[in-house]
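*Asks:* The following comprises the amino acid sequence and a computationally predicted model.
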Amino acid sequence: GDSVTQMEGPVTLSEEAFLTINCTYTATGYPSLFWYVQYPGEGLQLLLKATKADDKGSNKGFEATYRKETTSFHLEKGSVQVSDSAVYFCALSEGLLGDYKLSFGAGTTVTVRA
Amino acid sequence: EPEVTQTPSHQVTQMGQEVILRCVPISNHLYFYWYRQILGQKVEFLVSFYNNEISEKSEIFDDQFSVERPDGSNFTLKIRSTKLEDSAMYFCASSEEVQYFGPGTRLTVL
């Protein structure tokens, strides 16, 4: 079945450092790909998404490109802030519209120190 | 901005007891979901619900689990006889296109 493999954490960085979190997937067909973020004490929030090959999702300075040839969707941010400390989840779905389930990676805990 | 809400935020129960976890999805959404996350493990899909019936369920969602949309706003997950291994964070989500998640209910079974 569909699955997501995500870089294990925890990751600890200094402010303004470059962040990358690796995510690879296994799927039949052409899934949609997502990054969700969970801040302390809160629910999962959609950070960005991409629905087809070579799409780049971006939000709040984060970017990820849907790479079909390497089945990857790595998350990057050029200069992190303390407020970026959170757990990041890579996820996929078989579709985007209507009724679909999300398959999640294990999550990567990121801590940014001032 | 509309959001998904869940109550309670934390539920403690004895093994064998029934629990009901409640969710209020975003009002114009048509698709509803429950997921769970056991401590230290992945977020796992439990069930999806559309047009007043289950559209898909995982192997985790056995006869001990049920879902209901009792009125126009609430969406509930019932566990009939809780087990220790049901201890987890339970997330509700709703969607038109993108899934929006609630803050979760932490269920502790003693």
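*Replies:* Everything's here; your move.

*Asks:* From now on I want contacts and neighbour counts done on CA atoms only, so please keep to that.
*Replies:* Noted.

*Asks:* Would you list the phi and psi of B:Ser81?
*Replies:* phi -140, psi 100 (degrees, to the nearest 10).

*Asks:* One more: B:Asp86?
*Replies:* phi -80, psi -10.

*Asks:* Now do the strands in chain B.
*Replies:* B:5-7, B:10-13, B:19-24, B:31-37, B:43-50, B:53-57, B:65-68, B:75-79, B:88-95, B:99-101, B:105-109 (DSSP state E).

*Asks:* what's the distance between the third one and the middle of its chain?
*Replies:* Taking Cα atoms, centre = their mean, to the nearest Å, the mean C-alpha location of strand B:19-24 is offset from the chain mean by 7 Å.

*Asks:* Then the fifth one?
*Replies:* Relative to its chain's centre, strand B:43-50 lies at 8 Å (Cα atoms, centre = their mean).

*Asks:* likewise the second one?
*Replies:* Relative to the centre of its chain, strand B:10-13 is centred 14 Å away, using Cα atoms, centre = their mean.

*Asks:* Ok, which of the strands of chain B comes nearest A:Phe62?
*Replies:* strand B:99-101 (19.1 Å; Cα to Cα).

*Asks:* hmm, the closest one in reach of chain A?
*Replies:* Yes: Strand B:99-101 comes into contact with chain A (Cα under 8 Å from any Cα of the partner chain), by way of B:99-101.

*Asks:* ok, that strand: who's next to it in the sheet?
*Replies:* strand B:88-95 (antiparallel) (DSSP bridges).

*Asks:* Apart from its chain neighbours, what residue comes closest to B:Ser73?
*Replies:* B:Val24 (5.8 Å; Cα to Cα, 6 or more residues apart in numbering or on different chains).

*Asks:* before we move on, back to that, columns mean neighbour count on top of the strands of chain B, output as TSV?
*Replies:* Shown next, in TSV, are the strands of chain B (neighbours: other Cα atoms under 10 Å in any protein chain shown):
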stretch	mean neighbour count
strand B:5-7	21
strand B:10-13	14
strand B:19-24	22
strand B:31-37	24
strand B:43-50	21
strand B:53-57	15
strand B:65-68	18
strand B:75-79	20
strand B:88-95	26
strand B:99-101	24
strand B:105-109	21
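
*Asks:* could I get those as a markdown table with mean pLDDT?
*Replies:* Compiled in a markdown table, the strands of chain B are given as follows (pLDDT from 0 to 100):
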| stretch | mean pLDDT |
| --- | --- |
| strand B:5-7 | 95 |
| strand B:10-13 | 97 |
| strand B:19-24 | 97 |
| strand B:31-37 | 95 |
| strand B:43-50 | 94 |
| strand B:53-57 | 93 |
| strand B:65-68 | 96 |
| strand B:75-79 | 97 |
| strand B:88-95 | 96 |
| strand B:99-101 | 92 |
| strand B:105-109 | 97 |
